[in-house]
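> Kindly return the folded structure for what I paste below:
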Amino acid sequence: MTDFAELVTLVHSLNDRALLEDFLLSVTTDKERTELVQRVEIVRRLVAGEPHRKIAADLGVGVATVTRGSKELSQGRFKAIQNEYKK
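Numbering: from 1, shown residues only. You can find the predicted model right below:
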């Protein structure tokens, strides 16, 4: 595998939840998994309209970390999470 597009293709091809979980466990550390879960939580709270400082305080992260998620949202990313709130 030489680029990100190939990684996306591989992950997309993993239609079985157990295979996907096995793959993600294999390519990430405990710390990386914790950070990924935290990033998703930050974005969910941002989409729900929570203030940056409250999110930062609740999750024990810096406001800059929350702002990073906000910047990604403003660039049109995290569509899957935004779609959760449109339902």
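
> can you map out the helices along this structure?
In order along the chain, the chain carries the following helices (DSSP state H): 4-13, 17-27, 30-47, 52-59, 63-74, 79-86.

> Export those to JSON lines and append columns for mean neighbour count and mean pLDDT.
C-beta here means a position set from N, CA and C on the backbone, and glycine is covered the same way. Output for the helices of the chain, formatted as JSON lines (neighbours: other C-beta atoms under 10 Å; pLDDT from 0 to 100):
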{"stretch": "helix 4-13", "mean neighbour count": "10", "mean pLDDT": "95"}
{"stretch": "helix 17-27", "mean neighbour count": "11", "mean pLDDT": "96"}
{"stretch": "helix 30-47", "mean neighbour count": "15", "mean pLDDT": "96"}
{"stretch": "helix 52-59", "mean neighbour count": "15", "mean pLDDT": "97"}
{"stretch": "helix 63-74", "mean neighbour count": "16", "mean pLDDT": "96"}
{"stretch": "helix 79-86", "mean neighbour count": "11", "mean pLDDT": "86"}
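
> Give me the neighbour count for residue 14.
With neighbours defined by other C-beta atoms under 10 Å, the count for residue 14 comes to 14.

> Leaving out the residues flanking it, which one is nearest to it?
In space, and not counting its chain neighbours, residue 14 is closest to residue 20: 4.3 Å by C-beta to C-beta, 6 or more residues apart in numbering.

> Over to residue 78?
Sequence neighbours aside, residue 43 is the residue nearest to residue 78 in space, at 4.9 Å (criterion: C-beta to C-beta, 6+ apart).

> which residues are contacting stretch 70-83?
Where contact means C-beta atoms under 8 Å, 6 or more residues apart in numbering, the residues beyond stretch 70-83 that reach it are 40, 43-44, 46-47, 52, 69.

> rerun at 6 Å
Residues outside stretch 70-83 that contact it (C-beta atoms under 6 Å, 6 or more residues apart in numbering) are 43-44, 46-47.

> Identify the residue nearest the geometric centre of this structure.
With distances taken as C-alpha atoms, centre = their mean, the residue of the chain nearest its centroid is residue 40 (3.6 Å).
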